[in-house]
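Asker: coordinates for the following, if possible.
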Amino acid sequence: MGYRVLEQVQLLGAAFVLQLLVLVVYLALRRRRLRLAHVRWIAISSCTLVTIRLTLVPTVIIELPPAWSQLPINLVPLRTLAAQLQHGYYMVPLRNIGGNLLLLLPLGALLPLASWRQAIATGAALSLAIETLQLLMTKVGWGMRTFDVDDVLLNTLGCFIGYLLHQAAVRSAAAGAERWRRQKGANRPR
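Answerer: From the prediction side, this is the model:
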């Protein structure tokens, strides 16, 4: 578990640095400055690449794809969560619940979402697409993944939490800037 997490963090860092270098060279050739919006989009694409790696790249190729009736599908909300919380080893629910919450959290924080409704819709749509692709990939023999509605719920919640964290950071920065402006104005000689 620890090694796999470290591997994914390294992959995210490498993707970010590589894209940043490409952008810096591109902007230098075009004689333009690097802006915060550029870094934001690089972070979004890096998170997207890692999400694809974690969810869609098969860990095991199976020779004979299962029949549709044998595919692991959970359409009952909270069934898997309840079973995992009953598990005797604490890492099982921590890894699944924490991992699913964290999967789309960076995208919720980085995407320019206009409202909490848009954050929920974006998280649900992305998660549903991931789960559907996992199911189809299992059907054709590209790995053994499951379709679980609990993953959709947790991924959506993670995207929403990311949006809330972004909104809190924006409000905090705006309040700090306003305090600084007031203090600067109060210190001016008249």
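Asker: which residue is nearest the centroid of this structure?
Answerer: Leu104 (2.4 Å; CA atoms, centre = their mean).
Asker: which ones are touching the closest residue in space to it that isn't next to it in sequence?
Answerer: Among residues not flanking Leu104 along the chain, Cys159 sits closest, at 4.1 Å (CB to CB, 6 or more residues apart in numbering). From N, CA and C alone the C-beta is placed, and that goes for glycine too. Contacts of Cys159 were listed using CB atoms under 8 Å, 6 or more residues apart in numbering, and they are Leu104, Leu105, Leu107, Gly108, Ala119, Ile120, Thr122, Gly123, Leu126, Ser127.
Asker: let's verify the residue nearest to Leu102 when sequence neighbours are not counted: helix, strand, or coil?
Answerer: Distances taken as CB to CB, 6+ apart put Gly158 closest to Leu102, at 6.1 Å, once the chain neighbours are dropped. For Gly158, the assignment made with DSSP: H, G, I helix; E, B strand; the rest coil gives helix.
Asker: related to what we said a few turns ago, pLDDT score assigned to the residue nearest to Leu104?
Answerer: For Cys159, the model assigns a pLDDT of 96.
Asker: tabulate the contacts of Cys159 (CSV), appending secondary structure.
Answerer: Putting the contacts of Cys159 into CSV (three-state DSSP) gives the following:
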residue, secondary structure
Leu104, coil
Leu105, helix
Leu107, helix
Gly108, helix
Ala119, helix
Ile120, helix
Thr122, helix
Gly123, helix
Leu126, helix
Ser127, helix
